[in-house]
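# Next comes the sequence, and after it the predicted model I'd like to discuss.
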Amino acid sequence: MVGPLDAAAVTAAAHHALGGWDGEPAPTPGPFPEPDRLLILQDRTAGDVQLLCAAPEPAEGAAEAARYVATAAFGGFYGSRLAARHAELSAQGFEIYSGRDVLLDIPRSLVRARMPRSQARQVLTALREEFRRIAREPFSSAEVARASGFCAAQLLAAFDSPALLADLLRQLAAAGHQVVELDRLPARLRAVSADEVSSAGAQLFDERAMTTVALGDLDADALAAP
């Protein structure tokens, strides 16, 4: 809710909208698809190819701030590794980026890409190389500084607008992230070290845990290694 509302009005509106709902126990997350798997979904009408590489997030390990910055440094903003490597793809109006969300109660890290059919194998091969690279080549202090500065500034900008803040809270909650300490997150993003971010990146984007789904006008062997 956004607007000149007091606490009593918000509480009354929420009670009216949700008071009749019966609570249920939280569901147990189901199994994630088998890792290192490639699934091709054929769509003969599609002009472009869409790729999704996803893996379940480890329950233990890196803190939220480190995961947040690692996702951005890998492919979440204009100065990321994926943005630099695939600048030509972006210049053609296509896209490639990393993110995190929750699907069927399973938190996951992911990379999405959209490209011409003729470049699908090349992009997937490059993506797999980036997954291997993140394990062997830690993020530099400069990479982490750029990513953490971008993320912190983006968050702080949302605090200036009730509408933007409400939208940010909606996105975070929908993705399964904790929002109770949102006001402290910008400082934590700036304080995270390169070692912490590198460790988080290797956990989130481990090639061995990734399942790949391709959608487009593709044959079964279209993305097979040459």
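Thanks, I have it.

# Could you check how far stretch 198-216 is from the centre of its chain?
In terms of CA atoms, centre = their mean, to the nearest Å, the centre of stretch 198-216 is found 11 Å from the chain centre.

# Same question for stretch 58-74.
For stretch 58-74, the distance to the chain centre is 10 Å (CA atoms, centre = their mean).

# Ok, stretch 130-150 next?
Relative to its chain's centre, stretch 130-150 lies at 15 Å (CA atoms, centre = their mean).

# With stretch 191-199 instead?
Counting by CA atoms, centre = their mean, stretch 191-199 comes out at 18 Å from the chain centroid.

# pLDDT weak spots in this structure?
Low-confidence segments of the chain (pLDDT under 70): 1-4, 20-36, 90, 175-181, 220, 224-226.

# biggest strand in it by residues?
As assigned by DSSP state E, the longest strand anywhere in the chain is strand 106-116.

# C-terminal to it, what's the next element?
Heading C-terminal from strand 106-116, the first helix or strand you meet, by DSSP states H and E, is helix 120-136.

# Which residues does whichever helix or strand comes after that following helix contact?
Using DSSP H and E, the helix or strand that follows helix 120-136 in sequence is helix 141-158. Here helix 141-158 makes contact (CB atoms under 8 Å, 6 or more residues apart in numbering) with 68-70, 72-73, 76-77, 79-81, 139, 164-165, 167-168, 182, 185-187, 189-190, 192-194, 197. (Each C-beta comes from the backbone N, C-alpha and C, glycine too.)
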